[in-house]
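*Asks:* Structure of the sequence below:
(2 chains)
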Amino acid sequence: MALLEVEDLKVYFPIRGGILGRMVGNVKAVDGVTFSINEGQTVGLVGESGSGKTTTGKAILGLVPIKSGVIRFNGEDITKYIGKNRSPYRKSVQMIFQDVYSSLNSKKRVRDIIAEPLRNFEKLTKAEEQKRVDELLSIVGMSPENAYKYPHEFSGGQRQRIGVARAIALKPKLIVADEPVSALDLSIQAQVLNYLKDIQSELGLSYLFISHDLGVVKHMCETLAIMHNNRFVEFGARNDIYNNPQHIYTKRLIASIPDTDPDKKEENMRRRKEINEEYEMRSESYYEAGSKVYDLTRLTETHFVAMKS
Amino acid sequence: MQKQESLLKVRNLETSFKIERDYYNAVDRVDLDIKHNEVFAIVGESGSGKTALALSIPQLHNMSYTRIKGEIAFEGKELLGLREKELNTIRGKDISMIFQDPLTALNPLLKVGFQIEETLLYHTKENQARRKEHAIQLLADVGMVNPELTYNCYPYELSGGMRQRAMIAVALACKPKLIIADEPTTALDVTIQAQILDLLRSLQKEMQASIILVTHDLGVVAEMAHRVAVMYGGQIVEMASVGELMHNPLHPYTRSLLASIPHAGEDMERLNAIKGIVPTLKYMPRNGCRFSHRTPWIPQDAHEEVPQFREVTPEHFVLCTCYKHFRFEDEKSGEGVAI
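*Replies:* Got it, this is the predicted structure:
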C-alpha cells in the first residue's frame, strides 16, 4: 500500500462578484489529479507558475478546502482533518517553504522556531526539548550555539536548513517541499539538496518535491508528474519523462532547459522551433477545446500521458 | 570606421557603497572591454558585485551613498564625471537597460505604448503620429501577436513574458549600441525564458548591438554569450570565450560553480557544494585570494600574495595562481590540508 494516495483531487476557488458578493464562478486550481507516493520515494511535481502545483501540495497538507476527491494517508482518508489544528495527521506531514525570509518568524530565536512543533504535539521537559533541538541542528549540519541566534543572522542556505530542521522535528513520514531551493544561489542550492537527500535516507522520508527547475527535479526524484493547466499532462519514472517524453508540453519543457554546453546552442534552438511547429499543427491531439488537458492513459507500467487516444 | 576599438572600455573601476561611515568596494579594480556586436556575460552569485558593476556603467546607483572611481569610456567618451543632464542624453539612447522584474520596472499607471514613446519623445524629434507608428513597430519586432492592442494595454494586463517583451521594446526604441540586461529571464518560467532568449539573440544579430548579460545561470550564459567573465567578491576571477570557459574552466570558483549544477542530462549522486558563504561586503577579505577561505584544503602557498589577472592561454584570463594547485576536496587521496 502506498503511503499517500490522491484520487481525483479537485480544488476550486470561488470567484465572487456583483453587489452581494455571490459566487459567479470558479477558478479550477487543481482539476482532477491522481497519484500516489510510496514510502521513501520522492515524487517531483513540475509545471509553470499558475499550473496548480503549489495548491496540490497545500491540499495534501490540508491547508486549502478541497472540492472533491480523496486523499488517503496510510490507508486513512484524511480529508476530514482539513482545517483542523493538531490532528494526528499534522504530525506526520510537514512542509518546507520556498521563501526562507518570510517562512521563519524573525522575532523568535532559532531554538523556539524549531521547538514550536514539539511544543504543540509532544510534552517534553526543558532539558529534553533542548537535547532534541540540538540533535535536529546537528542533523542539518549546524552547531548548537546557533540555537540562540535570530533568523536574520543567517545566510539563505542556513535559513533553509533551519526550515528543514523544523520540518523534521516531529519525525514526519512525508514532507511537501515547495520550491525549496529556487530562492538560493547555485552553490547553496547544492548544499541544501545534498542535505535533503541525506536526511531522506537517514529517516526514511518521502518527499513531494515541487519545482519548476527540471535539472533539480531530475537530481532529486525517481518519479515525476508534469502539470499544465491544472492537470497532469504526463506522469512517469525519471527515464520515461527525460528520455521518452510523449506530451508536447513535456517536450517543450525539456527543450527549454538552457544547456551549459555552448556547442549545442544551434541544435537546441532548432529543436525548440520544431516542437513549436508540432504544437501549432497538432494541438488538438494534446488539448481538448478550451485547452483542457485529456485524462491520463497508460503507455507502459510506469508511464502515463494525457493525449487523445 | 573605428570597429577595432572596443565599444566600452572600463579601467580600474571601483564602485563602493557607504555602510555606516565607511565606503566598501563592491566592485574592486575591474578592467573590462566590450567589443562591438558581442554578447558579454557576467556571472556570479548574489553579492559577487555583478549588478553593481553593470549599473556603474550608466551610473544608475543612488549617488548619495555610492562612489565610482576609475575610467568608463564609451566609444572613446569618458562617462564618469559627466553631469546628470549629459548622462541622460546617453541613457536610453546609446546605452539602455533591461531589468529583472518587468512589473516593477514598468510604470503601472501608464500604458505600454506610452512608455515606449516616452523614450522616443526624449531622444528623437519624431512627431506624435510617427512615434505611435514606431512604438507599434517595436512591439511587433519583439513578437507581440497583436501590437495595436498591446499598445493600449497597461502592464498588469500582460503576462510575465509579454511584460518582459514590452520592456525589451522600451530598451530597443532608440537603437542602442549597448544593452545592459540584468537577469532578464530570472523571473520567468523556463518555456518563456527560452522564448525571450531566442528573441534577444535574434534581435542582437539584427541590430548589431552589444549586450552585457548579467546572470547567475550558467545555462543562460552558454546559450547566449560569446565571452564570459566570472565574478567573485567584486573581482573578475576568470574571463574567456564561452566555449573555452565551459569546456576548460580554470579558476577554483568557476570549477566549483560548474560542478554544483544539477544537470538534466546526466545522473549524479551528490552535487558539489561550495564550503562557507560569500562574505558580506563589510567583511570581504581585501588582501590575497578572496576565494581561498572557501577552499581551506588548498595549501596557502598556492595563492599569490597580490593575485594577478593573467592571460593563461590566448584570450583566457585567470586571477591568482591557485588554479594550478586546485583539486576538489574529495579528489585523490590525502584529503584535508596537506602542508
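*Asks:* If you tally nearby residues, what's the number for the residue of the stretch 1-150 of chain A found nearest chain B?
*Replies:* Minimum separation of the stretch 1-150 of chain A from chain B (CB to the nearest CB) falls at A:E48, amounting to 4.0 Å. (C-beta placed from N, C-alpha, C; glycine too.) Using other CB atoms under 10 Å in any protein chain shown, A:E48 is surrounded by 18 other residues.
*Asks:* Now do the contacts for it.
*Replies:* A:H212, A:H228, B:D189, B:V190, B:T191, B:I192 (CB atoms under 8 Å, 6 or more residues apart in numbering or on different chains).
*Asks:* spatially speaking, which residue is in the middle of chain A?
*Replies:* A:I210 (2.6 Å; CA atoms, centre = their mean).
*Asks:* you'd agree that residue is in a strand?
*Replies:* Yes - applying DSSP: H, G, I helix; E, B strand; the rest coil, one finds A:I210 inside a strand.
*Asks:* Leaving out the residues flanking it, which one is nearest to the closest residue to chain B within the stretch 201-309 of chain A?
*Replies:* Distance from chain B to each residue of the stretch 201-309 of chain A (CB to the nearest CB) is smallest for A:P258, at 2.9 Å. If the residues on either side of it in the chain are set aside, A:P258 comes closest to B:G219, at 2.9 Å by CB to CB, 6 or more residues apart in numbering or on different chains.
*Asks:* which secondary structure element contains that neighbour?
*Replies:* helix B:218-224 (DSSP states H and E).
*Asks:* Next SSE downstream of that helix?
*Replies:* strand B:227-232.
*Asks:* who does the helix or strand just after that next one touch, helix- and strand-wise?
*Replies:* Where DSSP H and E defines the elements, the next helix or strand beyond strand B:227-232 is strand B:235-241. Counting contacts by 3 or more CB pairs under 8 Å, 6 or more residues apart in numbering or on different chains; DSSP states H and E, strand B:235-241 packs against strand B:22-34, strand B:227-232, helix B:252-259, strand B:316-319.
*Asks:* of those, which approaches A:L118 most closely?
*Replies:* helix B:252-259 (36.8 Å; CB to CB).
*Asks:* any idea of the angle the closest one forms with strand B:227-232?
*Replies:* 100 degrees (axes from the mean of the first three to the mean of the last three CA atoms, to 10 degrees).
*Asks:* hang on, the earlier thing: if you average pLDDT over the helix holding B:G219, what comes out?
*Replies:* Mean pLDDT, helix B:218-224: 91.
*Asks:* got it, and stretch B:18-35?
*Replies:* 91.
*Asks:* What is the distance between it and the centre of its chain?
*Replies:* Offset of stretch B:18-35 from its chain centre (CA atoms, centre = their mean, to the nearest Å): 15 Å.
*Asks:* buried residues in it?
*Replies:* By neighbour count on 16 or more other CB atoms under 10 Å in any protein chain shown, the buried set for stretch B:18-35 is B:Y24, B:N25, B:A26, B:V27, B:D28, B:V30, B:L32, B:D33, B:I34.
*Asks:* shouldn't the first one be in contact with B:E14?
*Replies:* Read that as B:Y24. No - with contact defined as CB atoms under 8 Å, B:Y24 does not count as touching B:E14 (10.4 Å).
*Asks:* wait, isn't B:E126 in contact with B:Q137?
*Replies:* No - B:E126 lies out of contact with B:Q137 (CB under 8 Å); the separation is 11.7 Å.
*Asks:* Please identify which of those two sits among more neighbours.
*Replies:* Legend: neighbour count by other CB under 10 Å for B:E126 and B:Q137, higher for B:E126 (15 against 12).
*Asks:* Now do the contacts for the closest residue to that one other than its chain neighbours.
*Replies:* Spatial nearest neighbour of B:E126, excluding adjacent residues (CB to CB, 6+ apart): B:L120 at 5.6 Å. Contacts for B:L120 (CB under 8 Å, 6+ apart) come out as B:E126, B:R131, B:H134, B:A135, B:A173, B:C174.
*Asks:* same deal with A:L118?
*Replies:* So A:L118 contacts A:L124, A:E129, A:R132, A:V133, A:A169, A:L170 (CB under 8 Å, 6+ apart).
*Asks:* For PyMOL, what selects the buried ones among these?
*Replies:* Burial among the contacts of A:L118 is assessed by 16+ other CB under 10 Å; the matching PyMOL selection reads:
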select buried, chain A and resi 129+132+133+169+170
